[in-house]
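Colleague: fold the stuff below for me.
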Amino acid sequence: MNPRYPVYVLSYDRWQEGRRLTIKALERMGVPYTVVVEPEEYDHYASVISKDKIKIMPQEYHYQFDPCVPHEPNQRQGSGPVRNFIWDDAIKRGYKRHWVFDDNIRDFYRLNNNLKVRVSDGTIFRIMEDFCDRYKNVALAGPNYELFVIRKKKVPPFRLNSRIYSMLLIQNDIPYRWRARYNDDTDLSLRVLKDKWCTILFNAFLGDKAPTQSIRGGLTDQIYMKEGTRKKSELLKKLHPDVTKVVWKFNRWHHEVNYRPFRNNRLIRADNVTIPEGTNEYGMVLTRKEDSPGRES
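Modeller: Sure thing, here's the model as predicted:
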């Protein structure tokens, strides 16, 4: 089973073998996708990916983007301009929501009965879509990072009103667009939450994201290798000083966000929706494969 809504991957300087992680994962799962690239990199991507899966980023989105910081002419402004193009493209195609993934996701997993099991198709995306479509006010949703969920600990299947990072299902008609050179996903999460929308972070479904700055290309080369992480944390504090603080942890600067003010944002059930009783496995079955042993953590 595949997603109902379109899947986009934004990618920069990661056409090489060993770098195009999300693309490889989606291809392994048989999930249709569109990768959005800069014009100067089209030929590189077209040499390893079918051309009908590639869209070229219109350059006006760079000029229209609000980075929320002073910037030099022709300086790259992070992933926001590409994400805004993707959002508009999904609307033009007539969809209610769209998926947008960073290009450094190695695999996707289901967490169930204290096992993290790698999934072999796009069923988990359809499940998340169907769950969100039960409600009127889910602005953002997505799977949690695999690293953040310990399989031997009791965790709820989803968490309401937190940040959604790197793997997002976005409702297209919400009155926002991406902004900010750094931490644009946290900024968008906070803006929707402050306006009483809900977000859903799924623990039942997980994405194995490569650690920040661990793979060449993308924002690693554009920003983080040159500027470090302090500026991005300080920008978030500037935009959301009421809930953000900058801290030094794990040998680099981080931001910490207090999401407690949004704990009372409540899901509103969509009209004419009946939630069925029982468990729907969507046809998923557990099968051991030699190359898919599950995760130990």
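Colleague: Arg134 reaches Val273, doesn't it?
Modeller: Yes. At 5.2 Å, Arg134 counts as touching Val273 under the criterion of Cβ atoms under 8 Å. The way it works is simple: take the backbone N, C-alpha and C, and place the C-beta from them, glycine included.
Colleague: these two: who's more crowded?
Modeller: Just comparing Arg134 and Val273: by other Cβ atoms under 10 Å the higher neighbour count belongs to Arg134, 14 against 10.
Colleague: mind listing the helices for the chain?
Modeller: 21-29, 42-46, 60-64, 80-92, 123-132, 184-194, 218-219, 225-227, 230-239 (DSSP state H).
Colleague: would you turn these into a markdown table with distance to Arg110 and mean pLDDT?
Modeller: Shown next, in a markdown table, are the helices of the chain (distance: least, Cβ to Cβ, whole Å; pLDDT from 0 to 100):
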| stretch | distance to Arg110 | mean pLDDT |
| --- | --- | --- |
| helix 21-29 | 12 | 97 |
| helix 42-46 | 30 | 98 |
| helix 60-64 | 35 | 93 |
| helix 80-92 | 26 | 98 |
| helix 123-132 | 6 | 98 |
| helix 184-194 | 23 | 98 |
| helix 218-219 | 26 | 58 |
| helix 225-227 | 34 | 58 |
| helix 230-239 | 31 | 92 |
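Colleague: tabulate the ones you listed (CSV), appending distance to Tyr282.
Modeller: As requested, those are exported to CSV (distance: least, Cβ to Cβ, whole Å):
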stretch, distance to Tyr282
helix 21-29, 14
helix 42-46, 32
helix 60-64, 36
helix 80-92, 23
helix 123-132, 5
helix 184-194, 27
helix 218-219, 32
helix 225-227, 41
helix 230-239, 36
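Colleague: please go through this structure and pick out the longest strand.
Modeller: strand 198-209 (DSSP state E).
Colleague: packing partners for that strand?
Modeller: strand 105-112, helix 123-132, strand 138-145, strand 158-160, helix 184-194 (3 or more Cβ pairs under 8 Å, 6 or more residues apart in numbering; DSSP states H and E).
Colleague: how much space is there between Ala90 and Tyr135?
Modeller: Here Ala90 is placed at a distance of 19 Å from Tyr135 (Cβ to Cβ, to the nearest Å).
Colleague: still on that earlier bit, got the helices of the chain as a markdown table, with mean neighbour count and distance to Asn113 columns?
Modeller: Formatted as a markdown table, the helices of the chain follow (neighbours: other Cβ atoms under 10 Å; distance: least, Cβ to Cβ, whole Å):
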| stretch | mean neighbour count | distance to Asn113 |
| --- | --- | --- |
| helix 21-29 | 20 | 22 |
| helix 42-46 | 15 | 39 |
| helix 60-64 | 14 | 44 |
| helix 80-92 | 20 | 35 |
| helix 123-132 | 20 | 16 |
| helix 184-194 | 22 | 30 |
| helix 218-219 | 22 | 35 |
| helix 225-227 | 10 | 41 |
| helix 230-239 | 19 | 37 |
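Colleague: of those, which is nearest Tyr165?
Modeller: The closest of the helices of the chain to Tyr165 is helix 184-194. By Cβ to Cβ, the value is 5.1 Å.
Colleague: show me what the closest residue to Ile200 other than its chain neighbours bridges to in the sheet.
Modeller: Of all residues not flanking Ile200 in the chain, Ala141 sits nearest, at 4.1 Å (Cβ to Cβ, 6 or more residues apart in numbering). Assessed by DSSP bridges, Ala141 has beta-bridge partners Leu169, Ile200.
Colleague: now this protein, which segments are flagged as low pLDDT?
Modeller: Along the chain, the model assigns pLDDT under 70 to residues 212-228, 290-297.
Colleague: please redo it, this time with the cut-off set to 90
Modeller: 17-18, 70-78, 182, 210-232, 248-255, 275-276, 287-297 (pLDDT under 90).
Colleague: and the residue nearest the centre of it?
Modeller: When Cα atoms, centre = their mean is applied to the chain, the residue found nearest the centroid is Met167 (1.7 Å).
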